[in-house]
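Novice: The following block contains a protein sequence and its predicted model.
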Amino acid sequence: MQNKGLVKIFALLFGLVSIYQLSFTFITNKIENDAKTYAVSQVPESAEGGDIEKIADARSLVEKTYLDSIDRNEPINFGFTEFTYSEAKEKELNKGLDLKGGINVILQISVRDILSGLANNTENETFKKALDRADELQKDAQEDYVESFFRAFDELKPAGLKLADPSIFYTASLQDELKNETFNTPDDVVQNVIRRKVDQSVVSAKEVLNKRIDQFGVTQPNIQRLGTSGRILIELPGAKDVIRIEKLLQTTAELEFWKTNNNNTALLQYLLAANEKLKTLPKFAPKKTAESEDQDVDALTTSTEEDSLNVVNPLFDKIVPIQGAGRTGGVIATAKEDDRKEVLELLANPVLKQVLPAELRTVRFAFGKNVSPQGRIDLYALKGKRKGKDATPQMKGDVVDAAAQSFANDGKPNVTMQMNGIGAKQWEKLTGEVHEENGNIAVVLDNIVYSAPSVTTGAISGGNTEISGQFSIDEAQDLANVLRAGKLPAQAEILQSEIVGPSLGQEAIDSGLMSFLIALALVLVWMVFYYGRAGLFADVALAFNILLIFGVLANLGAVLTLPGIAGIVLTIGMSVDANVLLFERVREELAKGRTLQESISHAFSWKGAMSSIFDANITTGLTALILFLFGTGPIKGFATTLLIGIATSLFTAIFITRLLIDWYVAKGKILAFSTGATKNLFRSMKVDFLKKRKIAYIISGIIIAIGLWSITLGSGLNQGVDFVGGRSYQVRFDKTVSPQDVKKSLQNEFVDGENAVSLEVKTFGEDNQLKITTNYKVNETGTEVDDDIKKKLHEGLSSYLPADMEYSKFVDGAEGKKVGIMKSIKVGPTIADDIKKASFWAVLGSLVVVFLYILLRFRRWQFSLGAVAAVFHDVLIVLGIFSLAWKYLPFTMEINQAFIAAILTVIGYSLNDTVVVFDRIREFMNENANWKFSKVVNSALNSTLSRTLNTSLTTLVVLLAIFIFGGESIRGFMFALIIGVIVGTYSSMFIATPIMYDTIKKGDVNKGLEEEVKA
């Protein structure tokens, strides 16, 4: 090998850099473990009255104080440089949610709201219909929402209507952007302006979210925009207060100041009139008895006593008006907390405009923030300014310069605000008017009244004010946070979320580490058993390879996930393949009579094993690259480690193993590349593979046919929430529970009118843990909906939970949690559809890329056809087995993103095997021009049989170790890989090669092949 010195220097530097990068991880882990130990010593189990939740909170505070002290006072000294704890934390190996716990969400910034805002919330019918049509188009479209809107507008617009019409986008705020004095600007020009404005709004939303999260104090957050859409990915490892963070992310922070409407008489009369008007709507018509329906039309006009009992009061069945002295601060009624959405919908019904008196044209209704012990909430009547047909607030919150959490005179938390110069003048004027009117100012945030104080001392100058509202300290801090960060330009909805408790994360680390160590030990022992001292050199290279993988991950700032650990462990099995190819080639050359040095040199040459090694790794790398491009979250982590592993394993196998072998041989020692037990194993094999191909075709055909029947007519496929949408909860109990009994209990809770609700309850791992999946209210979003579903889940499971398991403990993310929701996943139907389409294109794309690569390398389409047919065969068999077995095997076998990752990995692995065989066929064709093609093919298959079985066995051992010890969440993923490796090994010998052989035509290879075709 040339340039050995350069390789040694590079390997040394590469290793030292990896060790340096990983040292930050070890240092921060030690500091954090010291902090935990110190916290336990300061807050023993007997503290806080034994309350587990309070103990966890107290320890968390002590840990934070300890780490802050270390960060300030004790720098980390590397000898040549110093780092603080926080600086080291930024450089450590990032752990993903499944290893650390936390929250991962995809937020959708409403482009519809942005477009409406740019059009000044126009009432133009074509514009509104185009928005509705765009909503429909988005269900199947791959384009961004704004493009769907433009397409819908073109379909619906009447002749002559342009986007620059004054009733649409030719507004005061966009005139300068359009750079045109008239409203005849061409649509394509307006479209470019709108695209830019929408893009600016989404970027602004990302910046606002960045500020909110930075002030929340989450370490190593990941916030990124997904493509050009309005979607933003947010990963917050280690975050525990799930409900608090979800509200923080979705709060628009639209701060407004309204006067309260104190016209008691007019408001009460309006509510009475509104109630009567709503009765005329068909949905509130009195119910008819069977007897009354049999009577003639005239009889129907006569009210019966039974009819009168069935009459509903649409409004007054939901609210209780407050009259006289009991009415203060703009509160006109109370309602149950669960009814507030319906009450606001009733009061916003357009039919009520017919009974709305002139003096109430600027009225707006909103509920307060606080809920009484009886579960009731105040309804406020607000008085705004008239702007066109709408009522607008007296002031908006964009005049607020600063906000901070403080304490009121009574010691309760509140939020103080400082307004800018313009806001200070507006505030002085508004407070003066309210003082004269003896009224109140309602402080409204995102349509919720936080407080409605009176003004007792006259106009307030200076622009200082405060918001009170019975806050906890956390609530006041979060409110100040969002006010400082500013409002989002549009509503944000959580399309997809994954929440993992820290306890589950620690369990994943433990199980992942165990599977890693067991798999590594098995591979190391096997290599020494099979190849003797040469296997020991391969083990050294493998250990160095692992160091490099972790070092590169840390250096790139990549996130290590549980599938990522699986990718590393799988790389251990697959990286052995390069050494196996090299060692097997050395053995072949030795058997031909070459010297040891000649055999080594030939094996490490392009004519030896290097061609097969590169082809096999490139095909696997191409599928991993597609997986990286199309995958998200943990699956992208799996692809990342696989790609890094392929690159580092090539380096270590080709250079490090060679350096060790050359060093040993240079000392004059003999290297056998085998042991006594394996010296003649798989030598002189003469299996006629082609003669058995028709039997293989029949067997494969039967298996595929059974699988297709099961998929289409039988059990089907168990699609996960990734593909169909819904919510899934991993719930742990303190005792064994029956899935059937739990399902019966939950069916009484998850009832959604006439809409069908699917509910699946399965044991997940141990008998005290369930996976509960439902599509209940799958189309509804918002923290209120999520809270409502979790409350129903808690209520339905109450008889199976400990008696003291309150809702807050059931859903929280406390450290050391043993009972309650351990993990939850939510996927909206829109993004589920996108995931399904992306998965389809990922698999199809990988097949096309592989076909083209093999065509390029082997210059014959028959080789490509054989390889792709074998891969297609493998995928169908894995799908069929999942369809047949998902109802019966004791672990989750869902078709989800992880399964697609497994399928793509199977594609890569299967091709790895196939390409090695094809390389040997090509080599034998060139070396033995007079052989019949059947002899070429059989000889190539027999000569690579040792490598094929050796690599497959090693990989299977690794996969089995992860399957058994790697944890429940990854078991289905591993099962798919195990089946794929077995089927892929079989198909490379009995499907890919025979199909290639059967489709080769006359004259394509050589004279010997031509003679055989004639025969």
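Specialist: Yep, it's here. On a predicted model such as this, the values are computed, not experimentally measured, just so you know. Numbering: from 1, shown residues only.

Novice: Which neighbouring elements make contact with the longest helix along the chain?
Specialist: Ranked by residue count, the top helix of the chain under DSSP state H comes out as helix 4-42. Helices and strands touching helix 4-42, by 3 or more CB pairs under 8 Å, 6 or more residues apart in numbering; DSSP states H and E, are helix 52-73, helix 85-91, helix 533-556, helix 657-666. (C-beta placed from N, C-alpha, C; glycine too.)

Novice: The third one relative to helix 4-42, how many degrees between them?
Specialist: It refers to helix 533-556. Put simply, helix 533-556 runs at 60 degrees to helix 4-42, going by axes from the mean of the first three to the mean of the last three CA atoms, to 10 degrees.

Novice: so how far is helix 533-556 from its chain's centroid?
Specialist: Mean-position distance between helix 533-556 and its chain equals 30 Å (CA atoms, centre = their mean, to the nearest Å).

Novice: What's the first helix or strand after it?
Specialist: Downstream of helix 533-556, the next assigned helix or strand under DSSP states H and E is strand 559-560.

Novice: Show me what that following strand is packed against.
Specialist: strand 94-95, helix 633-651.

Novice: closest to K277 out of those?
Specialist: Nearest of these to K277, taken as CB to CB: helix 633-651 at 50.3 Å.

Novice: And T774, its phi and psi?
Specialist: In terms of degrees, to the nearest 10, the main-chain angles of T774 are phi -150, psi 150.

Novice: neighbours around it, how many?
Specialist: Neighbours of T774 under the rule other CB atoms under 10 Å: 24.

Novice: Then the one 5 residues further on?
Specialist: If you count neighbours by other CB under 10 Å, N779 ends up with 11.

Novice: helix/strand/coil for it?
Specialist: coil (DSSP: H, G, I helix; E, B strand; the rest coil).

Novice: And for A442?
Specialist: Going by three-state DSSP: A442 is strand.

Novice: Repeat that for V523.
Specialist: V523 - assigned by three-state DSSP - is helix.

Novice: mind listing what it touches?
Specialist: Listed by CB atoms under 8 Å, 6 or more residues apart in numbering, the contact partners of V523 are 539, 542, 572-573, 576, 954, 957-958.

Novice: run the last query once more with 7 Å
Specialist: 572-573, 576, 954, 958 (CB atoms under 7 Å, 6 or more residues apart in numbering).

Novice: In terms of model confidence, name the weakest of those residues.
Specialist: Least confident of these in the model: G573, at 68.

Novice: What residues of stretch 116-132 count as buried?
Specialist: With burial defined by 16 or more other CB atoms under 10 Å, the residues of stretch 116-132 counted as buried are 116-119, 122, 126-127, 130-131.

Novice: ok so, going back, out of the helices and strands packed on strand 559-560, which is closest to Q405?
Specialist: strand 94-95 (30.3 Å).

Novice: name the helices or strands packed onto that closest one?
Specialist: strand 559-560 (3 or more CB pairs under 7 Å, 6 or more residues apart in numbering; DSSP states H and E).

Novice: and after the strand it packs on, which helix or strand comes next?
Specialist: Sequence-wise, the next helix or strand beyond strand 559-560 is helix 562-591, with elements assigned using DSSP H and E.

Novice: What residues sit buried inside that following helix?
Specialist: 562-590.

Novice: After it, which helix or strand is next?
Specialist: Of the helices and strands lying after helix 562-591 in sequence (DSSP H and E), the nearest is helix 596-603.

Novice: helices and strands around the helix or strand just after that following helix, which ones?
Specialist: Later in the chain than helix 596-603, the nearest helix or strand by DSSP H and E is helix 611-630. If contacts are counted by 3+ CB pairs under 7 Å, 6+ apart, helix 611-630 sits against helix 562-591, helix 633-651, helix 829-858, helix 897-927.

Novice: could I get those helices as CSV with distance to F516?
Specialist: Formatted as CSV, these follow (distance: least, CB to CB, whole Å):
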stretch, distance to F516
helix 562-591, 5
helix 633-651, 12
helix 829-858, 27
helix 897-927, 17
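
Novice: wait, which of those helices is closest to L352?
Specialist: helix 829-858 (32.5 Å).

Novice: any idea of the angle that closest one forms with helix 633-651?
Specialist: 20 degrees.

Novice: So for helix 829-858, mean pLDDT?
Specialist: Helix 829-858 comes out at a mean pLDDT of 77.

Novice: What of stretch 636-646?
Specialist: pLDDT averaged over stretch 636-646 gives 82.

Novice: Could you do stretch 13-31 as well?
Specialist: Computed over stretch 13-31, the average pLDDT equals 89.

Novice: Give me the buried positions along that stretch.
Specialist: Buried residues in stretch 13-31, counted by 16+ other CB under 10 Å: 14, 18, 21-25, 27-28, 31.

Novice: about what we covered before: for the contacts of V523, which one is nearest T619?
Specialist: So of the contacts of V523, ranked by how close each gets to T619 (CB to CB), first place is G573, at 16.5 Å.

Novice: where does T280 sit relative to L12, distance-wise?
Specialist: 86 Å (CB to CB, to the nearest Å).

Novice: what do you get for V580?
Specialist: 26 Å.

Novice: on that earlier part again, out of the helices and strands packed on strand 559-560, which is the most enclosed?
Specialist: helix 633-651 (a mean of 24; mean count of other CB atoms under 10 Å).

Novice: on contacts alone, who are the packing partners of that helix?
Specialist: Applying 3+ CB pairs under 7 Å, 6+ apart, we find helix 633-651 packed against helix 533-556, helix 562-591, helix 611-630, helix 897-927.

Novice: Go through the ones you listed and name the closest to Y145.
Specialist: Across the helices and strands packed on helix 633-651, closest to Y145 is helix 611-630 (CB to CB), at 20.8 Å.
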